[in-house]
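J.: I need the structure of the sequence given here:
(one chain, ligands or ions: 1)
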Amino acid sequence: MDIILGAGFFAWIGAVLYPIGKYLVPPKVAEMSVNSVEAGGISEFPPSSSKIVRFGRRPVIVFRQQNGDFHALSATCTHLDCTVQYKSDTEQIWCACHNGLYDIEGKNISGPPPKPLMQYQVVLQNDKVIVTREEMT
Ligand code: FES
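T.: Sure, this is the predicted structure:
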């Protein structure tokens, strides 16, 4: 009799805990592979301007220098994941969280960021600014 009660108790515990465990563990969802995104029209990027676009689930900062050159870098600071911004006056990438600085190629040049920002390629095609995953670093 004790064995039957014990087995019933463990079956009951399993019936309660299994759905809770399934609820707490998120399902594995494959990240959609994105190889390029359109950041907008070229006219939307006057010299010394920038824009943050979504590249899949990641933010990318697309900016145009005063000389007209385009660049695209990961917009996630390599220190503690704050979103960086383009400083057109000094032509640097700045993280306001802890005053981290990167150059326009994404190289960390001062402050706490431990490594460079990932570079993306920018392709100008049919008056559109296309950012591609082709890593340049
Ligand atoms: S999160 Fe960017 S410098 Fe700390």
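J.: contacts and neighbour counts: CA atoms only from here.
T.: OK.
J.: what's across from the residue nearest the centre of the chain in the sheet?
T.: With distances taken as CA atoms, centre = their mean, Arg58 lies nearest the centre of the chain, 2.6 Å away. Beta-bridge partners of Arg58, counted by DSSP bridges, are Phe55.
J.: Tell me the first helix or strand C-terminal of the lowest-mean-pLDDT helix or strand in the chain.
T.: Ranked by mean pLDDT, DSSP states H and E, the weakest helix or strand in the chain is helix 2-24, scoring a mean of 70. Next helix or strand after helix 2-24 toward the C-terminus (DSSP states H and E): strand 36-41.
J.: Nearest residue to Cys95 in space, please, no chain neighbours.
T.: Distances taken as CA to CA, 6 or more residues apart in numbering place Val84 nearest to Cys95, at 4.5 Å, with adjacent residues excluded.
J.: Isn't the one you found up against Ala96?
T.: Yes. Assessed by CA atoms under 8 Å, Val84 is found in contact with Ala96 at 7.1 Å.
J.: Among those two, which residue is more densely surrounded?
T.: Taking neighbours as other CA atoms under 10 Å, Val84 and Ala96 compare with Val84 leading, 26 against 13.
J.: if I look at that one, how far off is the ligand?
T.: Plainly put, Val84 is 7 Å away from the ligand if you go by CA to the nearest ligand atom, to the nearest Å.
J.: What of Ala7?
T.: Per CA to the nearest ligand atom, Ala7 is found 53 Å from the ligand.
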